[in-house]
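S.K.: Sequence and predicted structure below; questions after.
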Amino acid sequence: MAKITLGEVEHVAHLARLNFNQEETEAFTRQLNDILEFVDKLDALDTSDIEPTTRAIELLNVFRDDEVRESLPVEEATGNAPVSEKGAFVVPRII
Amino acid sequence: MSEIIDLTLSELRKILDRKELSSKEVTRAYLDRIQETDGKIRSYITVTEKDALAQAERADKRISRGETSALTGIPLGIKDVICTRGIKTTCGSRMLENFRPPFNAHVMERLLSQDAVMLGKLNMDEFAMGSSTENSAFFQTRNPWDLERIPGGSSGGSAASVGARLCCASLGSDTGGSIRQPASHCGVVGMKPTYGRVSRFGLVAFASSLDQIGPLARSVKDCAVLLEAISGHDSRDSTCLPASVPAYSEACIEGLQDFTIGVPEEYFVEGLDPEVEKAVRSGIEALESMGARIERISLPHTEYAVAVYYIIATAEASSNLSRYDGVKYGFRAKEYSNLMEMYKNTRAQGFGPEVKRRIMLGTYCLSAGYYDAFYKKASQVRTLIIQDFKKAFEKCDAVAAPVAPTTAFRLGEKVDDPVQMYLSDIFTIPVNLAGIPGISVPCGFDSKGLPVGLQIMAGHLQEEKLFRAAFSLETALNLQIQWPEL
């Protein structure tokens, strides 16, 4: 029984801002099903009373004062952009 | 010439300080070695010859002033996931093929402040996702012990370059075993520190709750020296621990009296190659011969670790890698008619198959309706895995186990079967999930002449215990340093 369908893979690809051709979508569907089947084994464990861990080391919130500091010069910050102009990133028209 | 490249970091330190050789001569010897031999191994993506020689000159001046630090003038290789100012940092990906960071990672600042010499940037699985370095977008790195086999991954270049004497030592990163597994396959020592021990500032993110930078070297002591140099608090990484840094090199002492080592039965299971088991068991006997008390223990949730990892790591990766949008830096597709198409074409063309597979899995696990079933469930089982270790460290100082179930496999052997590839990390992943330190130390060879590593794990910030056990193992086994013929 497939855990994830072709249509779901297409939907997830959209969420992840990826696109695939038909052949790739089919291959991914197959491989993701294999992986999901594999992670199914977690269902064997009763975790109803277990707190989830998101950090292996307990750390309290780390704060700092909101003060002005030196930052990268604009030309360095945009220096790696595929397209930039006058110190700004250039993107396709949005509105 | 071959003598220079044979020296360990500690030996080289003495020779440089006695001015028997200059850092420039040593650096030149490594650059020549790279020129002659790296065509076979292909561990370097970028060789920074000019910068390396200039850095060596600075180091020599510093040595002549008598202001030497542990790494002054020592030639190192750096995994290409660590940002180097003005020097390409590709992460093994088309996406960052021409990315030149405008800043140095914290670990680079530390190395440069000591005038260590960087020889270049080392190959890796794309975005550190893989166990064989076959996912590099550029080329395959080969195992120095058998050129038809993988060096392990994702820090394959970091391990192969140390194993092939193409650098004195290196830095890698470890999210699920990416330092320890290739170290085991290439016959070198590789160590993942406690989560938060080393700042992740400037380490390109894969899975932020698991990633950690660590050293690969030819001896336990060399690893300790490197770790000491890169550890410590950095306010730019809010998960970096404010704990003081002990003199790790001084923790490398021989003898394990009053030291208990746990051997978890769950790490000696079906799928563990009998020859690997034999080498690891002989390593455990060596630990016992140094005075350690060996105790059988149980880490009952070990079998769930890979499944937990492939949910948590991919979920975090899908979020971290959303930054590659073709706008701020990196690759942008040539053809698109609107913003959405630009995003999709850029990411479809810029990422390789394994990275896409993990982004897809992570996005699915975090998507509406699935979060509880996958991410929350995995995070709960992660708690159980941490509790296993906590219990073990109540009665043990360290835990000893295999690093990987087999020695290095053949190129292409597991490329088409992601689940089989993921299972090669079965013994290294729990350490990352628990945030504890782990080290891989060579403990022998299989009948094909391929190196086997033994893994030692310790509790949070118990690196000194780890080094003591690892150093004792190394001393007891007294494996003559062997070099693969190239």
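M.R.: Thanks, I have the structure now. Numbers count the residues shown, from 1 in each chain, chains lettered A, B, ... in the order given.

S.K.: From the rest of the structure, what touches the helix or strand where residue B:281 lies?
M.R.: Element membership for residue B:281, per DSSP states H and E: helix B:274-289. With contact meaning CB atoms under 8 Å, 6 or more residues apart in numbering or on different chains, helix B:274-289 is reached by B:256, B:261, B:263, B:268, B:294, B:400-402, B:404-407, B:441, B:443-447, B:452, B:454, B:469, B:472-473, B:476-477. To be clear about C-beta, it is placed using only N, CA and C from the backbone, and glycine gets the same treatment.

S.K.: if we go to 7 Å?
M.R.: B:256, B:261, B:263, B:268, B:294, B:400, B:402, B:405-407, B:443-444, B:446-447, B:452, B:454, B:469, B:472-473, B:476-477 (CB atoms under 7 Å, 6 or more residues apart in numbering or on different chains).

S.K.: Following that helix in sequence, what is the next regular element?
M.R.: Next element after helix B:274-289 (DSSP H and E): strand B:293-297.

S.K.: Could you list the buried residues of that next one?
M.R.: Applying a neighbour-count criterion of 16 or more other CB atoms under 10 Å in any protein chain shown, one finds B:293-294, B:297 buried in strand B:293-297.

S.K.: of these, list those near chain A.
M.R.: Among these, not one lies near chain A by CB under 7 Å from any CB of the partner chain.

S.K.: Out of the residues you listed, the closest to chain A would be?
M.R.: residue B:297 (19.9 Å; CB to the nearest CB).

S.K.: Give me the neighbour count for the nearest residue to that closest one once chain neighbours are set aside.
M.R.: Sequence neighbours aside, residue B:262 is the residue nearest to residue B:297 in space, at 3.8 Å (criterion: CB to CB, 6 or more residues apart in numbering or on different chains). Using other CB atoms under 10 Å in any protein chain shown, residue B:262 has 23 other residues around it.

S.K.: hey, what's residue B:262 bridged with?
M.R.: residue B:295, residue B:399 (DSSP bridges).

S.K.: And residue B:73, which helix or strand is it part of?
M.R.: Going by DSSP H and E, residue B:73 is not in any helix or strand.

S.K.: The helix holding residue B:281 vs strand B:293-297, what angle?
M.R.: Comparing the axes of helix B:274-289 and strand B:293-297 via axes from the mean of the first three to the mean of the last three CA atoms, to 10 degrees yields an angle of 130 degrees.

S.K.: pLDDT of helix B:274-289, averaged?
M.R.: Mean pLDDT, helix B:274-289: 98.

S.K.: Same check on stretch A:62-73?
M.R.: So the average pLDDT for stretch A:62-73 ends up being 90.

S.K.: does that stretch come close to chain B?
M.R.: Yes - Stretch A:62-73 lies within reach of chain B by CB under 7 Å from any CB, at A:62, A:64, A:72.

S.K.: Tell me the one among those nearest to chain B.
M.R.: Among the residues of stretch A:62-73 next to chain B, and counting by CB to the nearest CB, the member closest to chain B is residue A:62, at 4.1 Å.

S.K.: quick revisit: what would the residues of stretch A:62-73 next to chain B look like in JSON lines with neighbour count and secondary structure?
M.R.: Shown next, in JSON lines, are the residues of stretch A:62-73 next to chain B (neighbours: other CB atoms under 10 Å in any protein chain shown; DSSP: H, G, I helix; E, B strand; the rest coil):
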{"residue": "A:62", "neighbour count": "11", "secondary structure": "coil"}
{"residue": "A:64", "neighbour count": "8", "secondary structure": "coil"}
{"residue": "A:72", "neighbour count": "11", "secondary structure": "coil"}
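
S.K.: The closest residue to residue B:115 other than its chain neighbours: neighbouring residues, count only.
M.R.: The shortest distance from residue B:115 to any non-neighbouring residue, by CB to CB, 6+ apart, is to residue B:59 (4.2 Å). For residue B:59, the neighbour count with other CB under 10 Å is 27.

S.K.: Equivalent analysis for the one 4 residues further on, please.
M.R.: By the measure other CB under 10 Å, the count of residues near residue B:63 is 20.

S.K.: Test my guess that it contacts residue B:74.
M.R.: No - using CB atoms under 7 Å, residue B:63 is not in contact with residue B:74; the gap is 11.0 Å.

S.K.: ok so the residue nearest to residue B:115 is a helix residue?
M.R.: Yes - assigned with DSSP: H, G, I helix; E, B strand; the rest coil, residue B:59 falls within a helix.

S.K.: show me the contacts for it.
M.R.: B:23, B:72-73, B:115, B:117.

S.K.: Next: residue B:472.
M.R.: B:254-256, B:287, B:290.

S.K.: repeat for residue B:412
M.R.: Residue B:412 touches nothing, counting by CB under 7 Å, 6+ apart.

S.K.: my hunch is that it is in a helix, does that hold up?
M.R.: No - read with three-state DSSP, residue B:412 is coil and lies in no helix.

S.K.: report the longest helix in chain A, please.
M.R.: For chain A, the helix with the greatest residue count under DSSP state H is helix A:22-39.

S.K.: ok, and for the helix or strand following that helix, which residues are buried?
M.R.: Using DSSP H and E, the helix or strand that follows helix A:22-39 in sequence is helix A:74-77. Residues of helix A:74-77 classed as buried by neighbour count (16+ other CB under 10 Å): residue A:77.

S.K.: Backbone torsions only: list them for residue B:84.
M.R.: Backbone geometry at residue B:84, expressed as degrees, to the nearest 10, gives phi -130, psi 120.

S.K.: Distance of it relative to residue B:53?
M.R.: Going from residue B:84 to residue B:53 by CB to CB, to the nearest Å gives 16 Å.

S.K.: okay, the two: which has more neighbours?
M.R.: residue B:84 (23 against 15).

S.K.: isn't the more buried one right next to residue B:101, touching?
M.R.: Yes - taking contacts as CB under 7 Å, residue B:84 lies within contact range of residue B:101: 6.4 Å.

S.K.: Residue B:57 is in contact with residue B:22, isn't it?
M.R.: No - assessed by CB under 7 Å, residue B:57 is found out of contact with residue B:22, at 8.8 Å.

S.K.: which residues sit in contact with the closest residue to chain B within chain A?
M.R.: Proximity of chain A to chain B (CB to the nearest CB) peaks at residue A:56, 2.5 Å away. Residue A:56 makes contacts with B:195, B:209, B:386, B:433-435, as judged by CB under 7 Å, 6+ apart.
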